[in-house]
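generate a structure from the sequence data that follows.
(2 chains)
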Amino acid sequence: MSGALSLLFVATSCAYSMASLGYFLFIGNGSENAAKWAARLLLVGAGCQLAFMLGDTYGVPQFEDVRQMFTLASLAIVVGLLLAQRVGRLSVLGAFVTPVALLMFLAAGLGHSVPNVPEDVRSALLPAHVVVNVLGVAAFTLAFAVAAAYLIQERLLRRRQLGGLFHRLPPLDVLDSLGLKLLLVGFPLFTLGSVSGAIWAAQLPTRISPNQALGLVAWCVFAGVLLLRVAAGWQGRRAAIGTLLGFACALAVVIGYALRVKSGAF
Amino acid sequence: MAPRHLVLVGLSHHTAPLAVRERLAFSSEQMPERLRALVSRAGLQEAMLVSTCNRVEMYGSAADPQEATRGIRDYFAEVAEEQNLAAHLYEHTGDAVARHAFRVASSLDSLVVGEPQILGQVKEAFSLATEAGTVGSLLGRCMNRAFAVAKRVRNETGIAAGAVSVSSIACDLARSIFGELTGRRVVLVGAGEMSEAAAKALAQNGTLLTVVNRNQERARAVAEACGGEAREFDQLSQELIAADVVITSTASPRYVITRELMQGVIRARRHRPLFLIDIAVPRDVDPRVENLDNVFLFDLDDLEQVASQNIAARKREAEQAERIVEAEVQAFEEWQRTLDLTPTLVALRERVRTVIHGELERTLPRLKSVSEAERKALEIMCDAMVNKLLHRPMTELKRTSSDPNGSQLVESVRRLFELEIRHAAGPEPGPELEPAPANVLVRTGNPSGESP
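Numbers count the residues shown, from 1 in each chain, chains lettered A, B, ... in the order given. Below you'll find the predicted structure:
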């Protein structure tokens, strides 16, 4: 990494770290100023990250580079959060989402040991497969934050702990409907990613990998949650728990790729 | 004329029971006449009467505060026809009046600390006194500062945060579940007073109300009062399926909404969230209903717990508010000292100018052939002498005006130069007077707050 890129990497990491701290302060003591500064730092961090990515790829993304795709996913999550904050009073989501984006960015930046997708398994489908998965992961990360916020808010309401945090979290119905919207955005992307991955995998001589199996489980969980929400009218707690479960599976898939649990996982 | 002092005589929920307070209540129609009567008989130069169901207070200013407070006490005793009224009355003079006014307007002295109605009531009382012509510069300044302090307290502390009445808690909790309440369906099961008040508060937020009651006549009456519709009691299940918020307050000895009933309702609702407020004693809703997904049940104990938490939080914020009030009282004291100083400065300049110009007038006839231009030059010279001579003393007087001992220097100057001080007399509205909002009434109903 060149000196300028290192500087951008450190600036992005610092901005996201401080933004996380700001969001924690907001969720902890209700400091509106902390939330405002956190949003500004997040914007600065996103700018630095974009510059870092352009410098890192010379403006041409390499879809076979797992590290670059992790960085892209991190940026997509941050942009999604910034957009969500513009739509409504959802600053509190920053406390859940920013650390995830930071961890992904750091994992990507420090992940020199992760080799690129091997030459022999690359295909024309790879860019589409990677991009839709990255965007799907970003949507699911936001859905995870919304579901977590829902469960916390519901727990506070049931335990009659109606103090500061309760007032800072958005209303249950708002969280529930936002969670559904994010699933409706993320699921088609994830489906496309899974289908393109399956087509690609069918061309390979290897058998189905644990990652692919886990990906299938994640898809089934999200499909089940969406089906129950739409067909059976599931709302609230159950839907939130289903979303968390689906996100956990999706996260495991992403981590599995990153760690390359076994060779030939692609 | 002697300087004016602020005076206050009153009673409140802290010092008098309701039986005494209600005997001294004044309606807004009586106010102008009562104020003018008091000004003429109690030696008051300014007067303003605040009358709510929790307090009756007469604010004013007078040259002789003892005589004024005695006059107000006597007047109150006459109105209340109560010999022992003095035992319930409190009195303040000078800066203590400003402190009390600031605390009252900021709702620090209210039964429910932080309730918002009292500020509107004080503003209305001020407006009535201004219309009656009994507010002058001193009382006007004091009350305008009180309004500004109240605004500061509200903006800089969380004294008004957190609902403390059943109605407002119901609205707050409904918002925390549903967000925007417009178009949400509220079902009132039974028609008690408290539930009616909660339903009215929700209706003000744009909800659609249905009243389900065994007594249809009562159901129709409540529905009409709250802008809703009445339904037969046997339609309860259907109404529960359509509802977002349910408020129950029947006199039934058994549960009206059972767990079994709610399980069916929840399925039919396709798990949409439902907020149940049970304010009946004995309870109308089976407490096991709370264990159902997407059902949120609050009974009277829960509501009281929420109110207690919010009241405790307001008390913590009140400490910060008291510090703001104290700082503002000090600023008011400084302003008053400056007010006391201004007539002295004017009189001192006039005194010195009169002496010097008097000498000039005596000298001029003795001089031969003084042209008009030369005469004007001499007058300008005299004015310059006055300015130069008084520059240092006046600067020093102004500097020490914020000093608590500064009044001694002012007094010395007055004695040394034999100054006669003229204070602005009688009620004359100051330039900073603000009219009270027209939509705020002095005696308005508010179960949780200060009024009526």
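
what sits against the closest residue to chain B within chain A?
Nearest residue of chain A to chain B (CB to the nearest CB) works out as residue A:233 at 2.7 Å. For glycine as for every other residue, the C-beta is placed from the backbone atoms N, C-alpha and C. Residues in contact with residue A:233 (CB atoms under 8 Å, 6 or more residues apart in numbering or on different chains) are B:269-272.

shouldn't it be within a strand?
No. Counting by DSSP: H, G, I helix; E, B strand; the rest coil, one finds residue A:233 to be coil, located in no strand.

strands of the stretch 1-150 of chain B, start to end?
Ranges of strands within the stretch 1-150 of chain B are B:5-12, B:46-51, B:55-62, B:90-93, based on DSSP state E, counting those that start in this stretch.

in TSV: those, plus distance to chain A.
What follows is the strands of the stretch 1-150 of chain B, written out as TSV (distance: least, CB to the nearest CB, whole Å):
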stretch	distance to chain A
strand B:5-12	31
strand B:46-51	33
strand B:55-62	31
strand B:90-93	36
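
okay, these in a markdown table with mean pLDDT and mean neighbour count next?
A markdown table is the format used below for the strands of the stretch 1-150 of chain B (pLDDT from 0 to 100; neighbours: other CB atoms under 10 Å in any protein chain shown):
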| stretch | mean pLDDT | mean neighbour count |
| --- | --- | --- |
| strand B:5-12 | 93 | 24 |
| strand B:46-51 | 92 | 27 |
| strand B:55-62 | 93 | 27 |
| strand B:90-93 | 94 | 18 |
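
ramachandran angles for the residue of chain A closest to chain B?
Per-residue torsions, residue A:233: phi 70, psi 20 (degrees, to the nearest 10).

same check, this time on residue A:240
Backbone torsions of residue A:240, given as degrees, to the nearest 10, read phi -70, psi -40.

where's it relative to residue A:9, distance?
Distance, residue A:240 to residue A:9, by CB to CB, to the nearest Å: 35 Å.

neighbour count for these two, which is higher?
residue A:240 (27 against 22; other CB atoms under 10 Å in any protein chain shown).

so the chain: which segments form each domain?
Just going to use chain A. The domain map for chain A lists A:1-116, A:132-266, with the assignment taken from automatic domain parsing.

let me rephrase: I mean chain B.
Split by automatic domain parsing, chain B gives B:5-136, B:166-305, B:336-363+B:373-416.

centre of the chain to the shortest one, how far?
When you say that, I think you mean domain B:336-363+B:373-416. Centroid displacement of domain B:336-363+B:373-416 relative to its chain, using CA atoms, centre = their mean, to the nearest Å, is 41 Å.

from one end of it to the other, what's the distance?
Domain B:336-363+B:373-416 has its terminal residues 23 Å apart, counting by CA to CA, to the nearest Å.

what do you get for the second one?
Using CA to CA, the end-to-end distance of domain B:166-305 comes to 11 Å.

ok, back up a step: ok, of the contacts of residue A:233, which come out buried?
For those, a burial check counting by 16 or more other CB atoms under 10 Å in any protein chain shown picks out B:269, B:271-272.

can you list the residues you listed in JSON lines and add secondary structure and distance to chain A?
Formatted as JSON lines, the buried ones among the contacts of residue A:233 follow (DSSP: H, G, I helix; E, B strand; the rest coil; distance: CB to the nearest CB, whole Å):
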{"residue": "B:269", "secondary structure": "coil", "distance to chain A": "8"}
{"residue": "B:271", "secondary structure": "coil", "distance to chain A": "5"}
{"residue": "B:272", "secondary structure": "coil", "distance to chain A": "6"}
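
give me the lowest-pLDDT entry from those residues.
Comparing pLDDT over the buried ones among the contacts of residue A:233, the lowest score belongs to residue B:271 (82).

mind checking how far that one is from residue A:175?
Distance, residue B:271 to residue A:175, using CB to CB: 15 Å.

before we move on, what about residue A:95?
14 Å.
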